[in-house]
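Asks: Provided below are the primary sequence and the corresponding predicted coordinates.
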Amino acid sequence: MTKLIDGKQVAENLKVQIASSVKKLIALGITPGIAVILVGDDPASQIYVRNKQRAAEKLGIDSEVITFPATVSEEKILAKINGLNANPAIDAILVQSPLPDHIDEHHIQSAIAPEKDVDGFHAHNVGALFANSEGYYPMANTPRGIMTLLKEYVPDLTGKNALVIGRSILVGRPMMAMLNNANATVTLAHRHTKNLAQLVATADVIIVAVGKPHFLKMSAAKADAVVIDVGINRLEDGQLVGDVLDDMPDSEQLLTPVPGGVGPMTIATLMQTTIELAQQHSIFE
Ligand SMILES: Nc1nc(=O)c2c([nH]1)NC[C@@H]1CN(c3ccc(C(=O)N[C@@H](CCC(=O)O)C(=O)O)cc3)C=[N+]21
Ligand SMILES: [Mg+2]
């Protein structure tokens, strides 16, 4: 096999650090709390939310899941968010994507108080990330988890050619900013990109967040490429595959597996951001 990047192990190590931070906070009388809003009954979303809840419980973080039927009104969700914004027991608020079509996702995400915005979606936090601002602000957990993972395998990204494929607000856009802040030379590719094969062939690090099974073949990348597969695609036979096909079994390339790569890092990083928000709130108590 192409060498696999062990996201599960790095996530476990991160969770050991988080558990010790939680203990310290609890000793100070501070219990970190996260609220997750889940709308509708998408089975994948239910799995992810359950994984988040389980991780929080294991670490001693309070978690509350609020579920709404797919038919819920925007007003009802906004009223719930306003309540959570005002609730001092809640440090972090996450509204699980995707939301039903009749709901304006941007409107909902913007209603979350910036200091409880655990996904880093609020314009205030996005702006801080893109400006590489000093001081603390929450940032999107999937790309941040990828940065933590990369640190283990590519300690210095300075001057590296980093290619991000996919420009979502959840992954591609913040990923571009984080790699840029780490001094990589970043290219953001998307559905209208014309010379993708050429970009792939010259990239040192490739982040694939497209949502199409086997979108990228490892044979198209450099012999020493590091490839991060963000895709989680469920095939008709129930098999879980990423966006990358490993057709270079004997190569020296590095690749994150699916499952066991980016997913566990996202969950661990979400817990990391939650306790950081609790620490921030305790400073101002
Ligand atoms: N507001 C918001 N914030 C998010 O961070 C967010 C979201 N919405 N919507 C959906 C995506 C996706 N996401 C995942 C979390 C955990 C796994 C995960 O646990 N993956 C496991 C396996 C999961 C499985 O078995 O399906 C793994 O890759 O090993 C995957 C994906 C968070 N997201
Ligand atoms: Mg608390």
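Replies: Right, received. Where do you want to start? Ligands and ions are numbered 1, 2, ... in the order given.

Asks: ok, the closest residue to ligand 1 within the stretch 101-250 of the chain to Leu199 distance?
Replies: With CB to the nearest ligand atom as the measure, the residue in the stretch 101-250 of the chain that lies nearest ligand 1 is Asp119; the distance is 4.7 Å. To be clear about C-beta, it is placed using only N, CA and C from the backbone, and glycine gets the same treatment. Plainly put, Asp119 is 28 Å away from Leu199 if you go by CB to CB, to the nearest Å.

Asks: In terms of neighbours, single out the busier of the two.
Replies: In terms of neighbours (other CB atoms under 10 Å), Asp119 is the more surrounded of Asp119 and Leu199; the figures are 24 against 16.

Asks: which element is that one on?
Replies: When elements are defined using DSSP states H and E, Asp119 is found to belong to no helix and no strand.

Asks: oh, and call the first residue 32 from now on, that's how I've got it
Replies: With 32 as the first residue, the last one maps to Asp150.

Asks: which residues does it contact?
Replies: Contact criterion CB atoms under 8 Å, 6 or more residues apart in numbering gives 125-126, 140, 169, 171-172, 201 as the residues in contact with Asp150.

Asks: Would you mind checking which of those residues is nearest to Gly291?
Replies: Proximity of the contacts of Asp150 to Gly291 was ranked by CB to CB; the top entry is Asn172 with 17.0 Å.

Asks: Tell me the pLDDT of that closest one.
Replies: Asn172 is assigned a predicted lDDT (pLDDT) of 98.

Asks: in the chain, which spans are strands?
Replies: For the chain, the strands defined by DSSP state E occupy 34-35, 64-70, 93-99, 123-126, 192-196, 216-220, 236-239, 247-248, 257-260, 264-265, 271-272, 275-276, 285-286.

Asks: For the residue lying farthest from the centre of the chain, what are phi and psi?
Replies: Distance from the C-alpha centroid of the chain peaks at Asp281, with 29.7 Å (CA atoms, centre = their mean). Summarising the backbone geometry of Asp281 under the convention degrees, to the nearest 10, its torsions are phi -100, psi 10.

Asks: What sits closest to the residue in the chain positioned nearest to ligand 1 if chain neighbours are left out?
Replies: Ranking the residues of the chain by distance to ligand 1 (CB to the nearest ligand atom) places Gly294 first, at 2.2 Å. Spatially, and ignoring its direct neighbours in sequence, Gly294 is nearest to Ile263 (6.6 Å; CB to CB, 6 or more residues apart in numbering).

Asks: do the same with Thr300
Replies: Counting by CB to CB, 6+ apart, Thr300 lies nearest to Gly176, which is 3.8 Å off, once chain neighbours are set aside.
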